[in-house]
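> generate coordinates for the sequence data below:
(one chain, ligands or ions: 2)
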Amino acid sequence: MSVENTPSTAAQEAANPAVDGSELIRFENVTKRYGSNVVLDSLCFDVASGKHVTLIGPSGSGKTTILRLLMTLVKPDEGTIKVAGEYLSHEERNGKLVPAGERHSREVRKKIGMVFQQFNLFPNMKVLRNITEAPVHVLGLSKDEAEQRARELLELVGLTDHLDKYPSQLSGGQQQRVAIARALAMRPQVLLLDEVTSALDPELVAGVLDVLRDIAHSTDITMLCVTHEMNFARDISDDVLMFDAGHVIESGSPEKIFSDPEHERTREFLSAVL
Ligand SMILES: Nc1ncnc2c1ncn2[C@@H]1O[C@H](COP(=O)(O)OP(=O)(O)OP(=O)(O)O)[C@@H](O)[C@H]1O
Ligand SMILES: [Mg+2]
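Ligands and ions are numbered 1, 2, ... in the order given. Reported below is the predicted structural model:
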């Protein structure tokens, strides 16, 4: 009977938590090199579905590289990345793991949205079209459906009055809020945020962080966030991962990492940024 199987199944799950299906992102022994520079060194970490995880660490430690791997802008040299249980840069053919074709990567990547430091809006399109473009062309939504979705998102980010403007007619903070709406319009399961306020004038930072706090608290979207805004990280994060030299050297709740870090390198880093 199945009773006999239960302990071994539970043991398998304990040995390999991936089988419980709760990890939305899984890096397994991911190595990324640029020439002789080993940026990520057999990196392993997971982000569980619905969690908000913040990556911190010194400049050059590989934080952006992690997000770029998830966007398939770069590929790992070794190791695998899974998103919602599917390989990102690999696919299984005849029982073997082979580099993924563009079509497979594109399908898995649809689960991921990203907001960049420099907004990266389409300068020749008005706000509304910036948001509807990908849902229409990538997801196949009708123009009406995409516009309806865009209007709801513009309300969420507080920009309903600006849908008919070009990006150049908006402040940096407004442009970044459009970029957040644009990423969400694809209904991704995970939102990647790479220092999204660091290009903004100081007085515009709070408005963008408020929008992100709102999204973090009112939706079940998974977030992987690189930020130097430590108060924001403290507010929204379930877990903070401290990176150095291609490894996660320490991880834990924001209270633990910010108030009582174990690692000397973490203490040094935090004393420089806090
Ligand atoms: N296209 C590239 N070609 C060569 N080296 C690169 C490339 N992209 C990144 N690197 C190197 O990889 C390392 C990690 O870069 P990455 O941008 O991931 O760091 P980061 O942690 O995001 O830093 P920062 O906090 O300054 O944004 C750095 O040493 C960087 O010089
Ligand atoms: Mg970076």
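> tell me which residues in stretch 28-48 are buried?
Buried residues in stretch 28-48, defined by neighbour count with 16 or more other CB atoms under 10 Å: 28, 30, 32, 39, 40, 43, 45, 46, 47, 48. Where C-beta positions appear, they are placed from N, C-alpha and C, glycine not excepted.
> tell me how far the third one lies from ligand 1.
For residue 32, the distance to ligand 1 (CB to the nearest ligand atom, to the nearest Å) stands at 8 Å.
> need phi/psi at the closest residue to that residue other than its chain neighbours.
Closest residue to residue 32 apart from its sequence neighbours, by CB to CB, 6 or more residues apart in numbering: residue 40 at 4.3 Å. The main-chain torsion angles of residue 40 are listed as degrees, to the nearest 10 and equal phi -120, psi 130.
> so what's residue 40 up against?
Counting by CB atoms under 8 Å, 6 or more residues apart in numbering, residue 40 makes contact with 30, 31, 32, 62, 65, 66, 69, 76, 246.
> how about those in JSON lines, adding distance to residue 265?
Shown next, in JSON lines, are these (distance: CB to CB, whole Å):
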{"residue": "30", "distance to residue 265": "21"}
{"residue": "31", "distance to residue 265": "21"}
{"residue": "32", "distance to residue 265": "20"}
{"residue": "62", "distance to residue 265": "14"}
{"residue": "65", "distance to residue 265": "19"}
{"residue": "66", "distance to residue 265": "18"}
{"residue": "69", "distance to residue 265": "23"}
{"residue": "76", "distance to residue 265": "24"}
{"residue": "246", "distance to residue 265": "13"}
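> what's the closest of these to ligand 1?
residue 65 (3.4 Å; CB to the nearest ligand atom).
> tell me what residue 192 is bridged to.
residue 114, residue 224 (DSSP bridges).
> again but with residue 80, I slipped
Beta-bridge partners for residue 80, by DSSP bridges, are residue 28.
> so how far is residue 229 from it?
Remark: distance between residue 80 and residue 229 (CB to CB, to the nearest Å) = 31 Å.
> neighbour-wise, which of these two wins?
Between residue 80 and residue 229, counted using other CB atoms under 10 Å, the more crowded position is residue 229 (21 against 15).
> so who does the closest residue to residue 43 other than its chain neighbours touch?
With sequence-adjacent residues excluded and distances taken as CB to CB, 6+ apart, residue 43 is closest to residue 30, at 4.6 Å. Applying CB under 8 Å, 6+ apart to residue 30 gives the contacts 40, 42, 43, 44, 69, 76, 78, 79, 80, 81.
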